[in-house]
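Q: With the input below, show me the fold.
(one chain, ligands or ions: 2)
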Amino acid sequence: MKKSIKKTLDKTPLIIIAINSDRNIIYYNNFAKQKFLFLEEGRDINIIIRSTELNDFIDKSFNEKKDHRIEFQPSNFENWYFIADLFFLEEGRDSDSSLIIMITDQTMLYNYEKMRTDFVANVSHELRTPLSSIVGYIETIKNDSSLDKDITYKFLDIMENQAWRMTRLVEDLLLLSKYESEDKPLNFKNDNILNLVHSAIDNLNKKIEDKRLKINLENKYSKGDLTLNSDSIIQVFINILDNAIKYSPLESEITVRLKEAFLDERLFVQIMFQDQGEGISKEHLSRLTERFYRIDKDRSRDLGGTGLGLSIVKHIVNRHNGRLIIESTVNEGSVFSVYLPINYTI
Ligand SMILES: Nc1ncnc2c1ncn2[C@@H]1O[C@H](COP(=O)(O)OP(=O)(O)OP(=O)(O)O)[C@@H](O)[C@H]1O
Ligand SMILES: [Mg+2]
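A: Numbers count the residues shown, from 1 in each chain. Ligands and ions are numbered 1, 2, ... in the order given. Purely as a prediction, here's the structure:
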């Protein structure tokens, strides 16, 4: 192969491998070597990329002297998805024929597509459950004219609760889409962080009183305002505090502490929410901010949760170039810390 062609192929962001009719590798480009470290000329392609589909189509291409396109998942690379174009090259005599295998890595696209379909399935499921409950009660009330007034009211109560659940879900979905996509601009302005914490606490006062909880607010941050989107930051504090309230025992204490803290040598304000609740075991910690992730689905639903709260938190914090760190000990409690950068400019 000409040097200039090789150079060009090396710069191509496609995996390109050529094999002879014995399946031995006769050429590969730079990108291929980055993906498959064990690539070497003279080696059997099957040792490098294990896939029965790929093997079958290599046979087909040589036998039929035709090009083919296939999608496959190599068995030696878990969760990788590839599309391969096989180009048959005939160079006169049979022994000289070769096959160019051009592979595009579809793994990211595939994962994105899976996330999207999972999300739609989750949303449909979450909406269908309250909806079928409402429809069920409507039918019962309609079909039974002798239904006691008290029972009818009880059913209406349940229907109202379910309707609220659907409303909350739709509201959370709207918030998620607002904060998730970077192209919807947020207004940033200077604001006092302590005031925003107060707003969140005030918003949840009734729930705090209902559980007779004590909120200890300790402010150790006295420097200037932060540049932020106030509404969304209040939302962050409400979501975290709402969880702390939900998962705390009656008459326990929740500590909210504001202080300066360094992370990766950068200065932040740390806003910490510490509860004395049941805690969260390690295996769940890294997944809590996934959409619809709940440790106990039924319990979260009973408590009125949609499972989107922390996912919304994560997106808002990301849009402020901040960090969310969750620490927890089972049976002792959890600490959710939001870090917002100081001197953050738009
Ligand atoms: N302070 C906490 N203590 C114990 N578990 C918690 C705490 N905060 C969150 N969790 C767990 O994390 C899960 C996800 O929280 P998230 O706020 O995203 O959802 P939710 O509270 O169930 O519903 P909602 O989205 O309506 O707030 C919860 O279902 C709960 O299992
Ligand atoms: Mg929540």
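
Q: Please list all residues in contact with the residue in the stretch 1-150 of the chain that ligand 2 sits nearest to.
A: Per Cβ to the ion, residue 126 is where the stretch 1-150 of the chain lies closest to ligand 2, at 14.1 Å. In short, each C-beta sits where N, CA and C put it, glycine included. Shown in contact with residue 126 (Cβ atoms under 8 Å, 6 or more residues apart in numbering): 169, 292, 306, 307.

Q: let's go with 10 Å and repeat that
A: Under the criterion of Cβ atoms under 10 Å, 6 or more residues apart in numbering, the neighbours of residue 126 are 165, 166, 169, 172, 173, 292, 297, 301, 306, 307, 308.

Q: Report the buried residues of the host helix or strand of it.
A: For residue 126, the host element (DSSP states H and E) is helix 107-143. Residues of helix 107-143 classed as buried by neighbour count (16 or more other Cβ atoms under 10 Å): 110, 123, 126, 130, 133, 134, 137.

Q: Against residue 227, how distant is the last one?
A: With distances taken as Cβ to Cβ, to the nearest Å, residue 137 is found 49 Å from residue 227.

Q: now residue 85, what's its secondary structure?
A: Residue 85 falls in the strand class when you classify it by DSSP: H, G, I helix; E, B strand; the rest coil.

Q: Tell me how far the residue in the stretch 51-200 of the chain that ligand 2 sits nearest to lies from residue 25.
A: Nearest residue of the stretch 51-200 of the chain to ligand 2, counting by Cβ to the ion: residue 172, 9.4 Å away. Distance of residue 172 to residue 25, computed by Cβ to Cβ: 52 Å.

Q: And for residue 173?
A: Distance, residue 173 to residue 25, by Cβ to Cβ: 50 Å.

Q: show me where pLDDT drops low in the stretch 51-200 of the chain?
A: Low-confidence segments of the stretch 51-200 of the chain (pLDDT under 70): 92-95.

Q: Going along the chain, name the strands of it.
A: 68-72, 82-89, 98-105, 189-191 (DSSP state E, counting those that start in this stretch).

Q: do you know which of those strands lies nearest ligand 1?
A: strand 189-191 (23.9 Å; Cβ to the nearest ligand atom).

Q: Now the closest one: buried residues?
A: For strand 189-191, by 16+ other Cβ under 10 Å, it's residue 191.

Q: contact partners of it?
A: Residues outside strand 189-191 that contact it (Cβ under 10 Å, 6+ apart) are 224, 225, 226, 227, 228, 229, 230, 233, 234, 346.

Q: Okay, now the sheet partners of it, with direction.
A: Using DSSP bridges, strand 189-191 pairs in its sheet with strand 226-228 (antiparallel).

Q: what residues does the partner strand touch?
A: Residues outside strand 226-228 that contact it (Cβ under 10 Å, 6+ apart) are 186-193, 196, 233-234, 236, 268-269, 316, 319-320, 322, 340-346.

Q: could you check whether the helix or strand hosting residue 235 is close to ligand 2?
A: Element membership of residue 235, judged by DSSP H and E, is helix 230-246. Yes: with Cβ under 5 Å from the ion as the measure, helix 230-246 is seen reaching ligand 2 through residue 243.

Q: what's the next secondary structure element after that helix?
A: Moving toward the C-terminus from helix 230-246, the next element (DSSP H and E) is strand 253-263.

Q: could you check the angle helix 230-246 makes with that following strand?
A: Orientation check (axes from the mean of the first three to the mean of the last three Cα atoms, to 10 degrees): strand 253-263 against helix 230-246 gives 130 degrees.
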